[in-house]
Structures are given as C-alpha cells and as structure tokens.
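1. predicted model and sequence follow; I will ask about them next.
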Amino acid sequence: MDALPAFDLLRPTTLDEAIRIRVAHPGSMPLGGGTDLVVNIRRGIVAPAMLIDMNAVSELKTIRADARGLEIGASVKLAELAGHPDVVKHYPVVAQAAGFIAGPTHRNMGTVGGNLCLDTRCIYYNQSEWWRSANNHCLKTTGDICHVAPKSRGVCFATFSGDLAPALLTLGAEVDLVGPTGRRTLPLSKLYIGHARQGEPVTETRGDGKYFLSLRPGEFVGAVRAKNMPELRSAYDKIRIRRSIEYPVAGVAVALRREGNTLADLRVAFTGTNPRPVLLEGTAALCGGALDERVFKGLDDLVRDQIMAMKTTFTPGHYRRRVAGVLARRLVTRLFTD
Ligand SMILES: Cc1cc2nc3c(=O)[nH]c(=O)nc-3n(C[C@H](O)[C@H](O)[C@H](O)COP(=O)(O)OP(=O)(O)OC[C@H]3O[C@@H](n4cnc5c(N)ncnc54)[C@H](O)[C@@H]3O)c2cc1C
Ligand code: SF4
C-alpha cells in the first residue's frame with residue numbers, strides 16, 4: 001500500500017476563517033470525513049499541500065427539518081442525516097440515500113459536503129500510482145488518452161457515484177455556495193456539469209468526468225435546501241456488488257404524487273451511470289393517467305436516451321443502464337401502490 005504523503009491540516013471554526021485560509025493557500029482542499037479524499041491522496045491521485053478540515057465550522061453542522069422545509073449543513077455526518085427523525089418522516093428519500101452510503105464507519109465520518117462533491121470514479125483512475133503509471137495514466141490526471149473511450153477527443157467519462165445528490169434532485173433542492181467572492185445559491189442540478197461534452201471547451205455550465213462541478217476557485221458547499229411537498233411520496237434504492245458496503249452499480253431516487261388512480265407528478269434521478277447525477281427530463285409527459293404500460297415504456301425510453309453508462313466500472317455499462325431502468329420501474333410501482 002502507498003504511504004500517505006505529508007500535508008498540513010488547518011481546522012477553522014468559522015466559514016470566514018475557512019475562506020481566508022483557502023485564499024491564502026490556493027493548493028488546499030476542503031476535508032469532510034476524508035473517506036474518499038484521503039484514499040485519493042494515498043494513491044497519489046491528488047496531492048494537496050494543505051487540507052482544510054470543515055468539521056469544526058459550527059454553522060455547517062446543523063440540520064433543520066420540518067413539515068415546511070429541509071436545510072442540511074455541509075459538515076453534517078451521514079449517519080446523523082440517515083437517522084434524523086424529521087428527515088426520516090418528511091424526506092424519506094434523503095434519509096434512505098444517506099443510509100445506503102458505504103458502511104457504518106464511513107457514515108460516521110463522511111459528510112454531506114463530501115458526498116455532494118465526491119470525485120468521479122473510473123477503473124483506470126481509482127488505482128495506485130504505480131498501476132496508473134504502468135498504464136500511461138489517462139486524461140483525468142496527467143495522461144493524454146481516455147482508456148474507456150480512446151476516441152473521446154479529450155472528454156473524460158468517469159462516473160459520479162454519490163448517493164445523496166439524486167435524492168435531493170427529486171426534491172428540487174438548492175445548494176448554497178460560499179467563497180472568496182461571496183455567497184450564491186444554485187439549483188443543485190447546476191452544481192453538476194458532467195455532460196461529457198464533445199469537442200466543446202469546458203465552461204461553468206458544461207464539463208465532463210474530470211470537470212464535473214461548477215464550483216468556482218476557492219468555493220465551498222455550505223448547505224443544501226429543499227422545500228417540503230407533503231403529498232410527494234419518495235424513496236431511494238440501489239444495486240451494489242456487496243450489499244453491506246459499496247458504491248452504487250446504479251442508484252435511483254423516485255418522488256411521485258398520486259391523485260386517486262392518477263399519476264400526478266413523477267421525478268426520477270440516477271447515480272452511478274453518467275459523469276453527473278441525472279434528473280430524468282421528460283417525466284412530466286408520463287403523468288396525467290394511470291400507472292400503466294404507457295408510463296413504464298416511456299420511462300424505459302427516457303432511461304435509454306439519458307443514461308449513458310460507460311465501461312468505467314467492473315460492471316459493464318449496458319448492464320448498469322438496464323439495472324437503472326429496472327430499479328426505477330420497481331420503485332415507481334412500490335411508491336404508487338403503497
Ligand atoms: C469502501 C467505500 C465504499 C463507499 N461507498 C459509497 C457509496 O455507496 N455511496 C457514496 O456516495 N459514496 C461511497 N463512498 C465514498 C465516500 O465514503 C462517501 O461519498 C462520503 O460521503 C464522502 O464524504 P467525506 O466527507 O468523507 O468526503 P471527503 O473524502 O472528505 O471529500 C470528498 C471530496 O469533497 C470535497 N469536499 C468536502 N467537503 C466539501 C465542502 N464543504 N465543499 C466543497 N467540497 C468539499 C473534498 O475536497 C473532496 O474532493 C465509499 C467509500 C469507500 C472507501
Ligand atoms: S473515463 Fe477515461 S479519462 Fe476518465 S478516468 Fe476513465 S480512463 Fe480516465
């Protein structure tokens with residue numbers, strides 16, 4: 001196993017202090033629980049000279065959840081989120097997604113900010129330094145070719161695998177960002193720019209598996225917020241190779257509203273498939289009638305068009321896309337009939 005290189009660690013107690021440190025140390029990175037970042041440092045994938053531990057910043061450690069809305073600070077631990085009684089009651093999709101992340105020890109350490117900003121994954125990237133160098137690296141680090149799609153013309157297809165983002169996307173969540181130029185709020189969907197652009201430059205709204213977040217230099221995630229829609233039924237499910245502890249082969253969040261026998265609202269979001277979490281576009285057209293074969297066929301078509309799983313994991317892309325579609329069908333059926 002590779003040794004952990006030396007780095008400095010600072011522990012600010014306020015956001016302003018965290019921002020000041022970040023501005024003074026452009027090579028620094030924010031540290032949540034370190035359950036992904038420290039692994040990547042050990043593997044030589046990233047080498048920050050300084051880590052800014054966000055866990056003592058008190059304004060980032062609160063959960064506010066009631067029948068009106070949800071606000072979760074970036075330094076909230078996943079275990080706390082998964083077990084919070086008002087999150088379980090009013091926002092089950094969020095509590096379930098948090099409870100499905102990794103294993104219990106990771107959830108005790110891992111944070112909401114770290115999960116939302118989780119690096120994208122690929123079998124050619126999440127490897128030791130010697131493995132990657134023996135394979136001439138790849139575009140996401142210092143190489144000049146994508147091993148998954150050698151004709152990708154500079155595009156990386158590494159997969160976003162965080163479980164929380166799709167759950168929050170089905171609730172229309174917003175994210176608060178804090179940085180040297182002030183605070184701003186974005187729809188959560190706009191934080192993720194991994195569109196696998198082809199032949200286009202990277203911009204603040206369009207990136208790929210390498211440039212997958214729209215964070216500006218020095219910006220942190222401060223909190224994520226959603227309004228409650230009491231009539232919305234929601235849930236999360238995922239398939240993983242080891243049920244006890246594993247990234248998603250595919251993860252699906254569903255939120256829907258039923259009026260009598262009519263499907264009145266439907267939101268479906270995926271993770272583990274594309275370089276961003278995908279909130280399916282076009283589900284509104286499936287609403288307005290019974291939950292029948294027309295809806296399932298329409299759902300399958302949307303999954304086929306928008307879910308673009310590549311061979312970035314040991315499970316083949318076409319299998320992950322099938323799994324995503326099947327999970328979505330099952331969850332929609334369960335929520336509609338419950
Ligand atoms: C065996 C194993 C299994 C796993 N399974 C899953 C899984 O099933 N699902 C899943 O989603 N994840 C999984 N993970 C990954 C990881 O444990 C979780 O995603 C966890 O939530 C990451 O949070 P963290 O606080 O530990 O992030 P860290 O590792 O601390 O940070 C992750 C990234 O986020 C950045 N960051 C941290 N806080 C902020 C902030 N406030 N603003 C901006 N950027 C920030 C860091 O700089 C870093 O780039 C797994 C990890 C392991 C080792
Ligand atoms: S998708 Fe291609 S460029 Fe991206 S990490 Fe994998 S091999 Fe590297």
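-> Sure, I can see it. Ligands and ions are numbered 1, 2, ... in the order given.

2. and ligand 2, is the longest helix anywhere in the chain touching that?
-> Counting residues, the longest helix found in the chain (DSSP state H) is helix 317-337. No. Helix 317-337 stays clear of ligand 2 (CB under 6 Å from any ligand atom), getting no nearer than 11.1 Å. The way it works is simple: take the backbone N, C-alpha and C, and place the C-beta from them, glycine included.

3. and that helix, what's buried?
-> 317, 320-325, 327-329, 331-332, 335-336 (16 or more other CB atoms under 10 Å).

4. next one: stretch 144-151
-> By 16+ other CB under 10 Å, the buried positions in stretch 144-151 come out as 146, 147, 148, 149.

5. so what touches it?
-> The contact list for stretch 144-151, computed with CB atoms under 8 Å, 6 or more residues apart in numbering, reads 122, 124, 135-136, 138-139, 152, 155-157, 310-312.

6. most neighbours among those residues, please name it.
-> When neighbours are counted by other CB atoms under 10 Å, residue 312 leads these with 29 neighbours.

7. tell me the secondary structure at the residue nearest to residue 336 when sequence neighbours are not counted.
-> Nearest residue to residue 336, sequence neighbours excluded (CB to CB, 6 or more residues apart in numbering): residue 291, at 4.8 Å. Following DSSP: H, G, I helix; E, B strand; the rest coil, the label given to residue 291 is coil.

8. let me know whether the helix or strand containing residue 19 sits next to ligand 1.
-> Residue 19 is part of helix 15-24, with elements assigned from DSSP states H and E. No. Helix 15-24 is not in contact with ligand 1 by CB under 6 Å from any ligand atom; minimum separation 8.8 Å.

9. can you check stretch 73-85 too?
-> Yes. Judged by CB under 6 Å from any ligand atom, stretch 73-85 comes into contact with ligand 1 at 74, 78.

10. ok, and what's touching the longest helix of the chain?
-> 233-239, 249-252, 254, 256, 258, 263, 266, 268, 270, 272-273, 291, 295-296, 299-300, 303-304, 307-311, 313.

11. give me the subset of these lying in strands.
-> Taking DSSP state E as the definition of strands, the contacts of helix 317-337 contribute 233-239, 250-252, 254, 256, 258, 263, 266, 268, 270.

12. tell me the secondary structure of residue 29, please.
-> Here residue 29 is recorded as strand under three-state DSSP.

13. run a quick neighbour tally on the residue lying closest to it once chain neighbours are set aside.
-> In space, and not counting its chain neighbours, residue 29 is closest to residue 48: 4.1 Å by CB to CB, 6+ apart. Using other CB under 10 Å, residue 48 has 18 other residues around it.

14. residue 48 and ligand 1, how far apart?
-> 8 Å (CB to the nearest ligand atom, to the nearest Å).

15. which element is that residue on?
-> Per DSSP H and E, there is no helix or strand for residue 48.

16. contacting residues for it?
-> Going by CB under 8 Å, 6+ apart, the list of residues near residue 48 reads 7, 27, 28, 29, 41.

17. contacts with ligand 1 among these, please.
-> residue 29.

18. out of the contacts of residue 48, who's nearest residue 80?
-> Nearest to residue 80, judged by CB to CB, of those is residue 29 at 23.2 Å.

19. bridge partners for that closest one, pull those for me.
-> Counting by DSSP bridges, residue 29 is bridged to residue 51.

20. what's the neighbour count on it?
-> 18.

21. so stretch 211-221, near ligand 1 or not?
-> Yes. For a cut-off given as CB under 6 Å from any ligand atom, stretch 211-221 has contacts with ligand 1, namely 220, 221.

22. biggest separation within the buried residues of stretch 144-151, which pair?
-> The most widely separated members of the buried residues of stretch 144-151, counting by CB to CB, are 147 and 149 (8.2 Å).

23. confirm for me that residue 27 is in contact with residue 52.
-> No. Between residue 27 and residue 52 there is no contact under CB atoms under 8 Å: 11.1 Å.

24. the two - which one has more neighbours?
-> residue 52 (22 against 9).

25. so what's the more buried one up against?
-> Residue 52 makes contacts with 10, 12, 18, 21, 22, 25, 28, 29, 30, 31, as judged by CB under 8 Å, 6+ apart.

26. so the fourth one is in contact with residue 10, correct?
-> Yes. With the criterion set as CB under 8 Å, residue 21 and residue 10 qualify as a contacting pair; they are 5.4 Å apart.

27. who touches both of those two?
-> By CB under 8 Å, 6+ apart, residue 21 and residue 10 have these common neighbours: 28, 50, 52.

28. mind listing the helices for the stretch 101-250 of the chain?
-> 104-109, 112-116, 129-134, 164-169 (DSSP state H, counting those that start in this stretch).

29. re the thing from before, just give me the closest of the contacts of residue 48 to residue 174.
-> Among those, and counting by CB to CB, the member closest to residue 174 is residue 29, at 24.0 Å.

30. who touches the closest one in this structure?
-> 37, 46, 48, 50, 51, 52.

31. for those residues, which two are the farthest from each other?
-> Across these, no pair lies farther apart than 46 and 52, at 13.8 Å, counting by CB to CB.

32. returning to what we had before: turn the contacts of residue 48 into a markdown table, columns for pLDDT.
-> Below are the contacts of residue 48 laid out as a markdown table (pLDDT from 0 to 100):
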| residue | pLDDT |
| --- | --- |
| 7 | 96 |
| 27 | 92 |
| 28 | 97 |
| 29 | 98 |
| 41 | 97 |
